[in-house]
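J.: below: sequence and its predicted model.
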Amino acid sequence: MTPGLQSRGAPAGIPLLADTFWTGVVVLGLLLAATARVFGQSPTDPSADPLKQLTLEQLSQIEISSVTKESVPAFKTPAAISVMTSEQIQRSGARTIPDLLRLIPGVNVAQIDSSEWAVGIRGFQGKLSRSVLVLIDGRTVYTPLFAGVYWDMQGVLLEDIARIEVIRGPGGTIWGSNAVNGVINIITKSARDTRGSFVSAGGGNVDQASLQWRYGGGSDDTSYRVYGSGFTRGPMEHPDGRNFDDWRRGSIGFRVDSRLSDRDELTIQGDAYGGEAGQRLQLSSYAPPSISAVEGEKRFNGENVMATWHRTFSPASEILFRAYFDRTDRQELNYREIRNTFDFDFIHHLTFSRHDITWGLGARTSPSHFFETVPTVLFIPPKQTYNILSAFFQDEITLVPDKLALTIGSKFEYTTFSNGNYQPSARIAWTPTSKQTAWAAVTRAVRTASEIEDGFNFSFLAQPATPLYLRLIGDGQFHPEQLIGYEAGYRNYVSKRGFIGLSLFHNRYTDLLSVESSPIVLEPSPLPAHFVLPLRLRNGVAANSTGGELSAIFDIRPWWRLRGSYSLVILDARHEPGSNDASTIGQLEGDTPRHSGVVQSTFQLPRNFDLTLAYRAVGAVPDQRVRAYSTADVRVGWRGRGPWDFEVVGQNLLQPAHVEYGGTPGPLIGIKRSFYAGIKWRH
């Protein structure tokens, strides 16, 4: 347990006894689950259970769309792809999307405080996940202001998620710039699959109160749903007693799926949300030269609407057109930004002879307005428009029918802050039997400049007596970061009850973001006169990362499924010639754990009970002063004979609190042991 995070006022031995107690609870749960199945009565008809686990054969046939933008079986895909099903989501007991991502191999998730996470894939873990592209039903939630994802703004009714597809490795050939280390695509259910009424409510010591509702209906041709949700979450463990990080969020939304004809389908969906969360920052001022720790509420709200039209011309030809509008308004303690995004995508899929071709065009414009709230944080100019024009082409060539396929393609892209970029890839998949797939790939991907590299100006008071300010400057001299990625993998269904998957990678990064210092200058204005050390954003760092992920699923018994994964990331960074960067190397090498692993055990028990146990072990994160830790989660669910479901969830049970990441001024924040009880009603 991390020093300073034990319960205040408790004797020193109490936390140790508590840790031992909860370890015993997890072990006892395993034993009770096994004995209950042996001596308990037979379960009810599993076909009546909407959370019935898919068989391993059914899992192998799940079709995914994140690799090619067309539905293909996940088992045969020449990429490191993981799919989290709706059943796995519901049985996990997770309350947020980042908590779900913890269960996916190769995805590093560290909680910072109640509302913020650092997420990365194969390294480059960070608060804004700058090298990971995140989509919800194909709508990107990547912001070009700071090049990343605001995880506290992303909310989806977990009950409505059909699956989460995660590509580990570069996905720029299809999705474009910023899909450097991976793609996370959250796909919600069709309105046809969510008819009827649903209400869920619950609470606990951290997730203090939660309410979700949904109603769906329609005809044979048109289905719809409307939903709403809201929650309030309490603060985490603060050694200094400054419990600032409470979090509240509410949202409403709708979806309509309509069959316009035998050839045409139309989907229209939208959401509106708002929330606030506690925040602590250090703010610098010029008059007088001072620095202060400030606590307060950051506030955010937004709306989006998206329309998707799909037309089938023939079994060999189909098109898809998607358009969406997204508006966000985010106000933190040191800035406010309002952003509008308009996005259009056209995709054409056709097959002939041995070719399966997908090509498309895209356009996005994203005007934003930055409002200065403190004089030391500026964007110049305050109003900017970020534009992207793109085209992609991909061809899957069948070399040996049902055995060997080669996929080649490239994305071509022009953005406001960079000239044309190309992101080609070549992938080959060999399927010697229906139970085995081996694949290999080489890919180029880029992360383009964002507004922070183009017009950012952030000043921080380093020495009040002088006074001396450090000034981080983005002046438009940054060009895209580049990756050449080499991957290989193997999947094998060793029997009807077992699956293993192995992915290996070696990534070569060049032109990574660096912070280059210039000579100190005297700045007479604003008064009083002060010294400034300019720190300019450049491309002065290169890096190599090597590693892999091993995953397995075993049905030990028809009522007991065991999942496990292990991930290894070895990252070595170095300066490019001429760089005087003093901090980036340590951050890159020390911000991601080298080792991580997850074991999840799911039991279907008599009398409609189910039990899920999860154990996570995570290596040290030296740059954040975080030591290696392990923890466990438990969920017990009961499905009544009527419309009622109940669940009790315990998370982070092995310690009263543990730290996972830094990111806020002051002492590291502990992630609390938490409990949650919920009830669900369906009709």
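T.: Now that the structure is in, tell me what you want to look at.
J.: could you list the low-pLDDT ranges of the chain?
T.: For the chain, the stretches with pLDDT under 70 are 1-53, 56-57, 59-60, 64-71.
J.: quick one, helices of it?
T.: 13-39, 56-60, 86-92, 97-101, 172-175, 451-455, 584-590 (DSSP state H).
J.: put the alpha carbons of the fifth one into PDB.
T.: Taking C-alpha atoms only, helix 172-175 is exported to PDB below (Å, rounded to 0.1, in the frame of the first residue of the first chain):
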ATOM      1  CA  GLY A 172      -4.100   5.200 -39.800                       C
ATOM      2  CA  THR A 173      -4.700   3.400 -43.100                       C
ATOM      3  CA  ILE A 174      -8.400   3.400 -42.500                       C
ATOM      4  CA  TRP A 175      -9.000   6.000 -39.700                       C
END
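J.: run through who's touching it.
T.: 66-69, 133, 135, 178-180, 183, 392, 394, 409-411, 423-425, 443-446 (CB atoms under 8 Å, 6 or more residues apart in numbering). No exception for glycine: its C-beta is placed from N, CA and C like everyone else's.
J.: cool, the fourth one as well?
T.: Helix 97-101 is touched from outside by 84, 89, 92, 94, 107, 109, 111, 117, 119, 151, 154, 156, 158, 164, 166, 184, 186, 651, with contacts defined as CB under 8 Å, 6+ apart.
J.: count of neighbours near the fifth one?
T.: It stands for Val107. 27 (other CB atoms under 10 Å).
J.: ok, it - contacts?
T.: Val107 touches Leu101, Val119, Gly120, Ile121, Val166, Arg168, Gly182, Ile184, counting by CB under 8 Å, 6+ apart.
J.: does Glu165 touch Ala80 like I think?
T.: No - Glu165 lies out of contact with Ala80 (CB atoms under 8 Å); the separation is 11.5 Å.
J.: in the longest strand that the chain contains, what counts as buried?
T.: Longest strand in the chain, counting residues (DSSP state E): strand 530-557. By 16 or more other CB atoms under 10 Å, the buried positions in strand 530-557 come out as 530, 532-543, 545-555.
J.: go on, stretch 663-678?
T.: Of the residues in stretch 663-678, 663-664, 667-676, 678 count as buried by neighbour count, 16+ other CB under 10 Å.
J.: could you do stretch 110-117 as well?
T.: Buried residues in stretch 110-117 (16+ other CB under 10 Å): Ala110, Gln111, Ile112, Asp113, Ser114, Ser115, Glu116, Trp117.
J.: who does the first one form a beta bridge with?
T.: On the basis of DSSP bridges, Ala110 is bridged to Ala118.
J.: contacts only, for it.
T.: Ala110 neighbours (CB under 8 Å, 6+ apart): Trp117, Ala118, Val119, Gln125, Val618, Val621, Gln624, Val626, Glu660, Tyr661.
J.: check the fourth one too.
T.: Asp113 is in contact with Pro235, Met236, Asp245, Gly278, Gly663, Thr664, Ile669, counting by CB under 8 Å, 6+ apart.
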